[in-house]
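# predicted model follows, preceded by the sequence.
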Amino acid sequence: MEDYQAAFLERHSDTEILDKSGRKIGAMHFGGVTIECLLKAMIFATLPNSATREWKTDNNNPGHTFTNPGHSYTEALKRHNKLKSRIDKFPQVRKWLDEVENPMGQHFIDIRYFAIEANNVNYKSWFNTYQKLIGWLQKQATTL
């Protein structure tokens, strides 16, 4: 069983370490994974107490209807209507999600194959957005 909250904390730490080491592509990749884990933790937090913290599959009925959104933030938000509705009221947050999910115009999962580092201006913009997004999402997690 996945523990997305613990994974979020660990990946966030990894991203911070990569940032401090100047490993921009690694930080962008793990930063994307960090947000993915946070969104999945927020989805699981909405499940009834009687449900198992697992995704529904053809072979697994955990007591809810949520299937794994994979690495897509849009798909994750489709599984958390309150959060999606709140984000829809804040276009800037939607922009942050897009920037973190697609650094340098590539999905965060695919960016790990880049051999070229991001330039400092683009990276600093991305990292600042990443930090704002985490702060905003964590605040929402306490009020949803």
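Received the coordinates, thanks.

# can we go C-alpha only for contacts and neighbour counts from here?
Noted.

# for the spatially closest residue to residue 96 that is not a sequence neighbour, give me its contacts.
Closest residue to residue 96 apart from its sequence neighbours, by C-alpha to C-alpha, 6 or more residues apart in numbering: residue 129 at 5.8 Å. Applying C-alpha atoms under 8 Å, 6 or more residues apart in numbering, we find residue 129 in contact with 96, 99-100.

# the same query, at a cut-off of 10 Å, please.
Contacts for residue 129 were tallied using C-alpha atoms under 10 Å, 6 or more residues apart in numbering; they are 93, 95-97, 99-100, 123, 135.

# please flag which of these sit within helices.
93, 95-97, 99-100, 123, 135 (DSSP state H).

# of those - the most surrounded one?
Highest neighbour count within those: residue 100, with 27 neighbours (other C-alpha atoms under 10 Å).

# that one against residue 72, yeah?
No: the pair residue 100 / residue 72 is not scored as a contact, 11.5 Å apart, by C-alpha atoms under 10 Å.

# okay, and the common contacts of these two?
With C-alpha under 10 Å, 6+ apart as the test, residue 100 and residue 72 both reach 32, 107-108.

# using JSON lines, lay out these together with distance to residue 67 and neighbour count.
JSON lines is the format used below for the shared contacts of residue 100 and residue 72 (distance: C-alpha to C-alpha, whole Å; neighbours: other C-alpha atoms under 10 Å):
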{"residue": "32", "distance to residue 67": "20", "neighbour count": "29"}
{"residue": "107", "distance to residue 67": "21", "neighbour count": "19"}
{"residue": "108", "distance to residue 67": "21", "neighbour count": "25"}
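
# helix or strand: which one has the most centrally placed residue in the chain?
For the chain, the residue nearest the mean C-alpha position is residue 35 (1.9 Å; C-alpha atoms, centre = their mean). Per DSSP states H and E, residue 35 falls inside helix 24-45.
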